[in-house]
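Participant: Turn this into a structure:
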Amino acid sequence: MATNDCIKGLIIGGLIGSVLGILYAPKSGKETRGEIRHSAEELLEKAKEQYEEARRKVEQLVGKEKELYTGKKERLKKALEAGVDAYKQEASRM
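Facilitator: Predicted coordinates:
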C-alpha cells in the first residue's frame, strides 16, 4: 500500500513539475518545441545505434554457438564411429 502511494506521488509530482517547468520556462513555445524535437531526434539516433550494436552482438553469439555445435557434433560422430569400430573388432575376436 505504501509503495503504491509512493509511486503515485512520484508520478504526480513529476507531472506537476513538468507542467510548471514548461509554463515558467524563459523560452518561447517555438524554441521549446524545437529543443524537444532536437532531443527526440538525438534519442532516436541513439536508440538506432544501440539496436544495431545489439543486433551485431547477437549475430556474433549465434555464429559462435553454431561453430561450437558443429564442433561438438563432429566429435560425437567420431567418438560413435570409434566405439562402433571397437565393438566390431571385439566381436570379431570372439
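
Participant: If you average pLDDT per helix and strand, which one of the protein comes out bottom?
Facilitator: In the chain, no helix or strand scores lower on mean pLDDT, DSSP states H and E than helix 2-23, which sits at a mean of 78.

Participant: and the next element down the chain from that helix?
Facilitator: Downstream of helix 2-23, the first helix or strand assigned by DSSP states H and E is helix 29-93.

Participant: Show me what that next one is packed up against.
Facilitator: Helix 29-93 sits against no helix or strand, with contacts defined as 3 or more CB pairs under 8 Å, 6 or more residues apart in numbering; DSSP states H and E. In this view, the C-beta of every residue, glycine as well, is placed from N, C-alpha and C.

Participant: Just want the angle from that helix to helix 2-23.
Facilitator: 140 degrees (axes from the mean of the first three to the mean of the last three CA atoms, to 10 degrees).

Participant: Run the chain-centre distance for helix 29-93.
Facilitator: Between the centre of helix 29-93 and the centre of its host chain there is 12 Å, according to CA atoms, centre = their mean, to the nearest Å.

Participant: re the thing from before, might you quantify the distance of the least confident helix or strand of the chain from its chain's geometric centre?
Facilitator: 30 Å.

Participant: how about that helix as PDB, C-alpha atoms only?
Facilitator: This file holds the C-alpha atoms of helix 2-23, laid out as PDB (Å, rounded to 0.1, in the frame of the first residue of the first chain):
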ATOM      1  CA  ALA A   2       2.800   2.500   0.900                       C
ATOM      2  CA  THR A   3       4.700   1.600  -2.200                       C
ATOM      3  CA  ASN A   4       1.700   2.300  -4.400                       C
ATOM      4  CA  ASP A   5       1.200   5.700  -2.700                       C
ATOM      5  CA  CYS A   6       4.900   6.500  -3.100                       C
ATOM      6  CA  ILE A   7       4.800   5.600  -6.800                       C
ATOM      7  CA  LYS A   8       1.600   7.600  -7.400                       C
ATOM      8  CA  GLY A   9       3.200  10.600  -5.600                       C
ATOM      9  CA  LEU A  10       6.300  10.400  -7.700                       C
ATOM     10  CA  ILE A  11       4.300  10.300 -10.900                       C
ATOM     11  CA  ILE A  12       2.000  13.100  -9.900                       C
ATOM     12  CA  GLY A  13       5.000  15.200  -8.700                       C
ATOM     13  CA  GLY A  14       6.800  14.600 -11.900                       C
ATOM     14  CA  LEU A  15       3.800  15.600 -14.000                       C
ATOM     15  CA  ILE A  16       3.300  18.800 -11.900                       C
ATOM     16  CA  GLY A  17       7.000  19.600 -12.200                       C
ATOM     17  CA  SER A  18       7.000  19.200 -15.900                       C
ATOM     18  CA  VAL A  19       3.900  21.400 -16.400                       C
ATOM     19  CA  LEU A  20       5.300  24.100 -14.100                       C
ATOM     20  CA  GLY A  21       8.700  23.900 -15.900                       C
ATOM     21  CA  ILE A  22       7.000  24.400 -19.300                       C
ATOM     22  CA  LEU A  23       4.800  27.200 -18.000                       C
END
